[in-house]
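Fold the following and give me the result.
(one chain, ligands or ions: 1)
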Amino acid sequence: MTQARTALVRFGVSLEEHLLRRFDAFIGAEGYSNRSKAIADLIRKEFVSDSFARGGKVAGAITIVYDHHKREVVNRLLDIQHDHGAIIISAQHVHLDHDNCLEIIAVKGSGAKVKALADSLKSVKGVKHSTLSVTSAA
Ligand code: NI
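Alright, predicted model coming up:
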C-alpha cells in the first residue's frame, strides 16, 4: 500500500512495569526491533478490527482447503463465489497434493459482505480448513 508520507509525532506513554516487560517480550518474539513500530501496528490492527465490526471497507484473503474428489464441494464453492462476484478480486487455485486443493480468494468490500462470503465457504461440507485475513481498505 502506498501512503503519503506523514509527519511522525513523539508522545510519552506511562505503563505498569510488568505490562511493559510483557509487551517487550511479546514484540521481541514477533520480531519487532523497536516499540514504536509495534505500537503503530497494534493501533492499526485495532482500527481494522473496528472497521470490520462496523461493516467498513476491508480487503483481504480467504483461504480454503478441500478434497476435489468430492465433486459437490467443488460445485458448491463455485456457486458461492459466483454469487459474491462483486467483492471477489481474484482467485488462485493450487493443487496441493493428489487429494487436496487450496484456494486463495482475494476480496475487497464491506466487512459484513466479506465475512458472509467467508462464512458461506467455510460451512460447505467437505471444506477441511478455512481462514479469513483482512486489512483496512480505507
Ligand atoms: Ni486442485
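
Which strands and helices lie in contact with the least confident helix or strand in the chain by mean pLDDT?
With mean pLDDT, DSSP states H and E as the measure, the helix or strand of the chain carrying the lowest mean pLDDT is helix 35-53 (a mean of 89). Helices and strands touching helix 35-53, by 3 or more Cβ pairs under 8 Å, 6 or more residues apart in numbering; DSSP states H and E, are helix 17-30, strand 57-67, helix 111-122, strand 127-136. (Each C-beta comes from the backbone N, C-alpha and C, glycine too.)

one more time with 7 Å, if that's ok
strand 57-67, helix 111-122, strand 127-136 (3 or more Cβ pairs under 7 Å, 6 or more residues apart in numbering; DSSP states H and E).

Show me the one of those that comes nearest the ion.
With respect to the ion, and counting by Cβ to the ion, the nearest of the helices and strands packed on helix 35-53 is strand 57-67 at 8.9 Å.

Following element in sequence after that closest one, please.
Past strand 57-67, heading to the C-terminal end, the next element that is a helix or strand (DSSP states H and E) is helix 71-83.
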